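> Coordinates only, no sequence provided:
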């Protein structure tokens, strides 16, 4: 004969399975907007550049009307004052081509995504990360981002932190 503890465990498992099957439990769903990052190189040297691309995809059935995004260095990056870098260029890529961003820099990137992002479409903003010639070596430069999107159905999404890939600054040998 089974113990009461095993029966309760079996009953809880069956109930959890039924709730999941009939959609009564919380489940992961497609995000309303998806922000992804990529770099064109995992390493660079002092004086080199790396392209950091951020792609915002609208997974909703309504237009994205407004985006606000921040880009900040990670805590470990801020702990290395010998790492010297700046953003020197910014470009927005859409289905119709590439245009310069509204500004260069790591703050308030929202306007750089352009006006409306229709359902199922993406916008990519690419920043050029310039590592100073006198930068320290053997350290990682990384960033994190928070973003806020407003949709034409009057809903909004806040998300973050979303982390970029880190770029390793190598010493020339």
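Now that the structure is in, tell me what you want to look at. Because the structure is predicted, anything quoted here is derived from the model rather than measured.
> Do you have the strands of this structure handy? List them.
33-39, 43-44, 49-58, 64-73, 85-94, 97-100, 122-131, 139-141, 143-151, 156-163, 167-169 (DSSP state E).
> Would you mind finding the most buried of these?
Mean neighbour counts were taken over the strands of the chain using mean count of other C-beta atoms under 10 Å, and the top value, a mean of 22, falls to strand 167-169. C-betas here are computed from N, CA, C, even on glycine.
> surely residue 99 meets residue 113?
No: applying C-beta atoms under 8 Å as the test, residue 99 and residue 113 come out as separate, 11.4 Å apart.
> overlap in contacts of those two?
By the contact definition C-beta atoms under 8 Å, 6 or more residues apart in numbering, residue 99 and residue 113 are jointly contacted by residue 92.
> looking at the strands of the chain, which has the lowest confidence?
Of all these, the segment with the smallest mean pLDDT is strand 97-100, scoring a mean of 80.
> For that one, name the packing helices and strands.
For strand 97-100, the packing partners by 3 or more C-beta pairs under 8 Å, 6 or more residues apart in numbering; DSSP states H and E come out as strand 85-94.
> what angle do the strand it packs on and strand 122-131 make?
Angle, strand 85-94 to strand 122-131, by axes from the mean of the first three to the mean of the last three C-alpha atoms, to 10 degrees: 160 degrees.
> Neighbouring strands - and their directions - for strand 85-94?
Based on DSSP bridges, the pairing partners of strand 85-94 within the sheet are strand 97-100 (antiparallel), strand 122-131 (antiparallel).
> how distant is it from the center of its chain?
A distance of 15 Å separates the centroid of the chain from that of strand 85-94, by C-alpha atoms, centre = their mean, to the nearest Å.
> now swap in stretch 136-146 and tell me
14 Å.
> for residue 118, what are its contacts?
With contacts taken as C-beta under 8 Å, 6+ apart, residue 118 has the following neighbours: 58, 63.
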